[in-house]
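Engineer: need the 3D shape of this:
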Amino acid sequence: MTGLFITFEGGEGSGKTTHLKSLAHYLRDLGDEVVETRDPGGTTIGKEIRTLLLSPESAATSDSAELLLYEASRAQLVREVITPAITRGAVVLCDRFTDSTLAYQGFGRGLDQDLIRQLNHFVTGGLGPDLTILLDLHPRVGLERCTRSIRAGRAFRDRIAAEPLAFHQKIREGYLTLAREEPDRFRVIDASLSVAQIEAAIKDEVLHLKRSRFTVHS
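Structural biologist: This next block holds a predicted model:
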């Protein structure tokens, strides 16, 4: 019995968390067991690492230390949450995964992408998503959304979001490059569309994946 592994990717303010939760609700209504998680985070160890990584007080963190902290959180998440859930047939929805590290630490920070891929493979045991929803948005718009959320008291400006616009532009370019490299896995959705339009597009992609998986296993 094998479940599905679906990841949500995108820059700051792209709406990943909102649309992940919407999809989770939809799939549960269909009768699926759904596990929602996030990377970094999702485990006791991961939550501690996430706090450390995103805190403005961690501004002095070196790029290499940042990379290894993300990978440490992911290693625990895969072992403790993702693999067991997929094995028992659940649908796992993960807010960020290995592509985020390539986009942020690879394209954004300029770290060696081959090394990042090796680390990703090591900590995941080669596990990869069946489908990756990339919510594409101009970083200026995304950061403006973040600012509005902070002013409304719904969020705080974390260390990564506080990086300059040029950094976030590199991340967007990185994500689009990754999507071009793996068109069968990535689905790029315009995150400037209405919430209803985005939700409909995501549902279509997931239902297509479920139908194709059923056909293969039948």
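
Engineer: quick one: the strands in this protein?
Structural biologist: 4-10, 34-38, 91-95, 131-136, 186-190 (DSSP state E).

Engineer: which strands or helices does the longest helix belonging to the chain pack on?
Structural biologist: Scanning the chain for the helix with the most residues, using DSSP state H, yields helix 195-217. If contacts are counted by 3 or more C-beta pairs under 8 Å, 6 or more residues apart in numbering; DSSP states H and E, helix 195-217 sits against strand 4-10, helix 16-29, strand 131-136, strand 186-190. For glycine as for every other residue, the C-beta is placed from the backbone atoms N, C-alpha and C.

Engineer: export the ones you listed as a markdown table, with columns for mean neighbour count.
Structural biologist: Formatted as a markdown table, the helices and strands packed on helix 195-217 follow (neighbours: other C-beta atoms under 10 Å):
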| stretch | mean neighbour count |
| --- | --- |
| strand 4-10 | 25 |
| helix 16-29 | 17 |
| strand 131-136 | 23 |
| strand 186-190 | 18 |
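
Engineer: of the ones you listed, which is nearest Ala85?
Structural biologist: strand 4-10 (8.6 Å; C-beta to C-beta).

Engineer: for the most centrally placed residue in the chain, phi and psi?
Structural biologist: The centroid of the chain falls nearest to Arg96 when counting by C-alpha atoms, centre = their mean (1.5 Å). Per-residue torsions, Arg96: phi 80, psi 150 (degrees, to the nearest 10).

Engineer: in contact with it, which residues?
Structural biologist: Arg96 makes contact with 7-9, 16, 38-40, according to C-beta atoms under 8 Å, 6 or more residues apart in numbering.

Engineer: again, only this time at 7 Å
Structural biologist: Counting by C-beta atoms under 7 Å, 6 or more residues apart in numbering, Arg96 touches 9, 38-39.

Engineer: repeat that for Ser64.
Structural biologist: By C-beta under 7 Å, 6+ apart, Ser64 has no neighbours at all.

Engineer: so Leu102 is in contact with Ala179, correct?
Structural biologist: No: between Leu102 and Ala179 no contact is recorded; they are 11.3 Å apart, counting by C-beta atoms under 7 Å.

Engineer: between those two, point out the one with more neighbours.
Structural biologist: Leu102 (22 against 18; other C-beta atoms under 10 Å).

Engineer: setting aside sequence neighbours, what's the nearest residue to that one?
Structural biologist: Ile116 (5.6 Å; C-beta to C-beta, 6 or more residues apart in numbering).

Engineer: ok, the one you found - contacts?
Structural biologist: 67, 101-102, 105-106.

Engineer: contact partners of stretch 160-173?
Structural biologist: Residues contacting stretch 160-173 (C-beta under 7 Å, 6+ apart): 11-12, 54, 56, 103-104, 107-108, 139-140, 143, 146.
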